[in-house]
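Engineer: Structure for this input, please:
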Amino acid sequence: MATDNPGRPNFSGRPAATPFEAAVPQAASPLLPYEPVGRLESSGFRPSQTSAPPSMVPFSSAGPVVGSEASGFRLAPAVRFNNPSSAPPGPPPSHVTPTTNYFQRFPAPQIPTAAQTATIPAPVGPPSLAPPMWSNMPPPNQPSAGQLPSTVPSFQLHSQTPSFQMASHPQGYVAPPSSSPYFGQRAGYVPPPPQAGITGLHSREQMQQSISGPPTGLLQGGLVEDFSSLSLGVVPGSMDPGLDSKALPRPLEGDVVPTILSEIYPANCHPRYFRLTTSGIPNSQSLFSRWHLPLGAVVCPLAEAPDGEEVPIVNFASTGIIRCRRCRTYINPYVTFLDGGRKWRCNICALLNDVPGDYFAHLDATGRRIDLDQRPELTKGSVEFVAPTEYMVRPPMPPLYFFLIDVSVSAVRSGMLEAVAETIKSCLADLPGFPRTQIGFITFDSTIHYYNMKSTLTQPQMMVVSDVDDVFVPLPDDLLVNLSESTRVVETFLDSLPSMFQDTMNVESAFGPALKAAFMVMNQLGGKLLIFQNTLPSLGIGRLRLRGDDLRIYGTDKEQAARVAEDPFYKQMAADFTKYQISVNVYAFSDKYIDIASLGTLSKYTGGQVYYYPNFQSALHQEKLKYELARDLTRETAWEAVMRVRCGKGVRFTSYHGNFMLRSTDLLALPAVDCDKAFAMQLGFEETLLTTQTVYFQVALLYTSSSGERRIRVHTAAAPVVADLAEMYQQADTGAIVSLLCRLAIEKTLTSKLEDARNAVQLRIVKALREYRNLYAVQHRLASRMIYPESLKYLPLYVLAICKSTPHRGGYADAQLDDRCAVGSTMMTLPVKKLLKLLYPSLVRIDAYVLKASLQTDEFKDIGERLPLTKESLDSRGLYIYDDGFRFVIWSGGMLSPDIAKHLNVDFAVDLSKVNISESENEMSGRLIRLLKKLRENDPSYYQLCHFVRQGEQPGEAKCIICRFSSGTFCPHADVFRPL
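Structural biologist: Residues are numbered from 1 along each chain as shown. Got it, this is the predicted structure:
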């Protein structure tokens, strides 16, 4: 979910106007609103000559701007957006040096004078040159140098953001012109100049806005035309084929975490717990308004640490946890001790606090405590405090697992009921919290079935409530039992459960009444509710209707209504569950529409998760179900948790995105949370100008462990404050940006059409890359070339992948409604690394590994490197494995040796979607099984089922598997796996 803090002002992005605009004399810019304008070379504008930087390395990332002149100059914003998030005008930014005649980014006058020429200090340090955004637009005619076009080039404001698609000639790029300082470098891209707004890349309306004041609305046409003019195609008449498309950057290394912040602040917590979208925090709202990408963080408070890197546990005992009196910040490595160690200054609010007598230690000559090495809370960015009794409103709850199971005819026939019963029984001994663990069961079809499992019984007692309109709980004290005492009765129940309903013919589902019954049983303790639903709810409160097949709503304003809960009953139940510390995980199985949008609401607001198994068949999918259910039951879980993120003075988190319930403006209620859950949040400004050099952040998660101990996990991080937009780009974290953008785009689909959601995320990238290009376009004459910082070279690709993902791509015919909602719910909770792998999966060739007999200890080192997701990567004689973290697709070339298929026990004459790989006696099959096992161990969050695809055969099945589950869904290249 996403939440905005009510009752507190939201400060934004771009100010409506700046003092510089008001100060410009009218005579300085005698622009007529509807006069034609020429190119930069055609106007009389000439920048004054500045000394070249001592070293200029083409195509390297832009380093920090140096030099007094370079650091003082920044182009003024060209367009003022009059949107609700605009901040009021304020004082000029500290990084802008006013001059006599201010240079603004709108076209120069047709007949300039010497008085109208501005002196432009050039920024030092060339940026990376990136391939421009892809467009199928033909290049416009170019007027000759030094002349104005005879007619004004006509242009039209686009109402939609262009889709990022490959050009018709992806293999060609145009080399830079001879006047470019990068002439001769084949990595440069010079597409034809834009058709409209040649000099300043702005439309007439934008010129008027720059002259007369803020616009009356958000005009996107200029940006869209500017971006569309950038092309990968070859300019007609050019003999240079340009850069090979294979040289385009692709994230074959996966998630690469920036290290610059940990080098500057070694006491920071590890990025697996807390990642900022950029390590450079802007020092003012005006600078923030030019950063068009999300400014925020991604938090995964319980992320799994590698072996040997456990979070240290600190117990202050009688001293009590040491916190700031005013802002309640926990003591951390960035506090400073004063007055000989008797006082400490809070790094968040700067308040001076007294040091308790039991915690006192003398300071050495450098001001450090002499016991610093024995205090992990003063040296480690992540610690866990043992909370005393004042942090408890009730005794710590025991781990409680309650199962609500559909036993209708479809659940029995699909094999779901048997697989669930077997898995639960196999996990009983491994449930955390022994011997305190509690357990209970309810089954339902058209009636509700309760089970008494007291330890004094020899077998469970079943009680049936047939009145679903008036639900009550018989024997309320005996429906939850201690697992250690009633293990034998529970096992007997699970053994008999499949046979109890094997002859049922009941097709109804009283899911809503059963849900209320489960709540009535659990509300005294809380815990985790696991729902296994196989049929669309049809009886009692909460019944749902078929609404996913209504084609008339797609493309209309009613389209988004199908992606949210139809009945307010589910959101109200979710609020009640959260209030009583109950988390809900939904396991949905169906070959028909089951309304994941409504069922998923229960998980969305309770910190839970949705597992979706479409067309579930026990023979094919039970291994996946058993693995994922077992992990859900046995992984370490934090119970009845709340989380808050504190920030330094001048900034605050304004909105939160993920699965939780917002209890107050900044307190997230999480009835249960684990290592597979991540949360994103956006940062806003409370002050116009930041006066500190560093901003500190602290994540605090208060929870109950499975052992019954109340604990507080604290992650602390620091980030520098910067006054340069280029530094923000250089310190950007692509993974965190993509994670936050993805969540924003998914939430956009709940209130807007899919097309609007795609356009919104694309437009942000357009603005961001255009803003970065403007930092260097004047100096290097790169007005028609797309450039980017090294830190964001993969960002356009990931954004295209988001637009092609299941929650966003196409329309009705491109993905089922339940698929969109289920994948969207999953993506809202994924940590950064897992999400990036889903967006850009790995492709590895494995036929050489399978064929080669090896006696080496590490046999997996023979596996080749990851390949780009393009059709050129596939060889008809090869065998490949495609892994997106949720499934494996094994692609077999049409010319692959038949002996390999024979040894792998794969019959290509049968339906390949139903092929199961089983280990046989031959070495080849064993090597493949061991490889798949190794890949699953490296990514244990989900179980990856295997799908076989053979080149040229069963094109319908191949298209279904590849396009629906992998490349077409998550790969940004439209031609990936197209030969299938």
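Engineer: Now that E686 has come up, it's in contact with V651, right?
Structural biologist: Yes. Counting by CB atoms under 8 Å, E686 touches V651, with 6.4 Å between them. No exception for glycine: its C-beta is placed from N, CA and C like everyone else's.
Engineer: out of the two, which sits in the busier spot?
Structural biologist: Neighbours per residue, other CB atoms under 10 Å: of E686 and V651, the larger number sits with V651, 22 against 15.
Engineer: Pull out the buried residues from the longest helix along the chain.
Structural biologist: Longest helix in the chain by number of residues (criterion: DSSP state H): helix 754-774. Neighbour-count burial for helix 754-774 flags 754-755, 757-774 (criterion: 16 or more other CB atoms under 10 Å).
Engineer: residues contacting M520?
Structural biologist: Residues in contact with M520 (CB atoms under 8 Å, 6 or more residues apart in numbering) are V471, F472, V473, P476.
Engineer: Next one: it from C946, what distance?
Structural biologist: From M520 across to C946, the span is 43 Å (CB to CB, to the nearest Å).
Engineer: same question, A815
Structural biologist: On the measure of CB to CB, A815 and C946 end up 22 Å apart.
Engineer: G811 too?
Structural biologist: From G811 to C946 the distance is 30 Å (CB to CB).
Engineer: How many residues are close by M643?
Structural biologist: 23.
Engineer: The helix or strand encompassing it - contacts with which helices or strands?
Structural biologist: In this assignment (DSSP states H and E), M643 forms part of strand 638-647. Judged by 3 or more CB pairs under 8 Å, 6 or more residues apart in numbering; DSSP states H and E, strand 638-647 is in contact with strand 296-299, strand 667-673, strand 679-685, strand 694-704.
Engineer: Quick one, which of those strands gets closest to P898.
Structural biologist: Nearest to P898 among the helices and strands packed on strand 638-647 is strand 296-299 (47.7 Å), distances taken as CB to CB.
Engineer: what comes into contact with whichever helix or strand comes after that closest one?
Structural biologist: Counting by DSSP H and E, the element after strand 296-299 in chain order, helix or strand, is strand 313-314. Defining contact as CB under 8 Å, 6+ apart, one finds that strand 313-314 is touched by P376, E377, V383, E384, F385, V386, R711.
Engineer: where does the last one land on pLDDT?
Structural biologist: If I follow you right, that is R711. The confidence metric pLDDT takes the value 96 at R711.
Engineer: tell me the SS of it?
Structural biologist: Put simply, R711 is strand when judged by DSSP: H, G, I helix; E, B strand; the rest coil.
Engineer: quick one, what contacts it?
Structural biologist: Here R711 is in contact with I313, E384, F385, V386, A387, L702, Y703, T704, S705 (criterion: CB under 8 Å, 6+ apart).
Engineer: what pairs with the nearest residue to the fifth one once chain neighbours are set aside across the strands?
Structural biologist: Taking CB to CB, 6 or more residues apart in numbering, and ignoring the residues beside it in sequence, A387 has R710 as its nearest neighbour in space, at 4.1 Å. As for beta bridges, R710 partners with T704 under DSSP bridges.
Engineer: how close does R710 get to V393?
Structural biologist: 10 Å.
Engineer: circling back: count of neighbours near the residue nearest to A387?
Structural biologist: That count, for R710 with other CB under 10 Å as the rule, works out to 20.
Engineer: quick check, nearest of the contacts of strand 313-314 to I424?
Structural biologist: Checking the contacts of strand 313-314 one by one against I424 (CB to CB), the nearest turns out to be R711, at 27.9 Å.
Engineer: From M392, how far off is the closest one?
Structural biologist: 11 Å.
Engineer: what's the answer for L457, then?
Structural biologist: Counting by CB to CB, the gap from L457 to M392 is 34 Å.
Engineer: Any stretches of the stretch 801-950 of the chain with poor pLDDT?
Structural biologist: 853-862, 905-921 (pLDDT under 70).
Engineer: And the strands in it?
Structural biologist: With strands called from DSSP state E, counting those that start in this stretch, the stretch 801-950 of the chain shows them at 842-845, 879-883, 887-892, 945-950.
Engineer: Next: the stretch 251-400 of the chain.
Structural biologist: Under DSSP E, counting those that start in this stretch, the stretch 251-400 of the chain gives strands at 274-276, 281-282, 296-299, 313-314, 336-338, 343-345, 352-354, 382-386, 400-406.
Engineer: for the fifth one, packing partners?
Structural biologist: If contacts are counted by 3+ CB pairs under 8 Å, 6+ apart, strand 336-338 sits against strand 343-345.
Engineer: List the buried residues for the strand it packs on?
Structural biologist: Under 16+ other CB under 10 Å, the buried positions of strand 343-345 are W344.
Engineer: Return the list of helices and strands in contact with it.
Structural biologist: Counting by 3+ CB pairs under 8 Å, 6+ apart, strand 343-345 packs on strand 336-338, strand 352-354.
Engineer: and with 6 Å instead?
Structural biologist: Using 3 or more CB pairs under 6 Å, 6 or more residues apart in numbering; DSSP states H and E as the contact definition, the elements that strand 343-345 packs against are strand 352-354.
Engineer: That'll do, ta.
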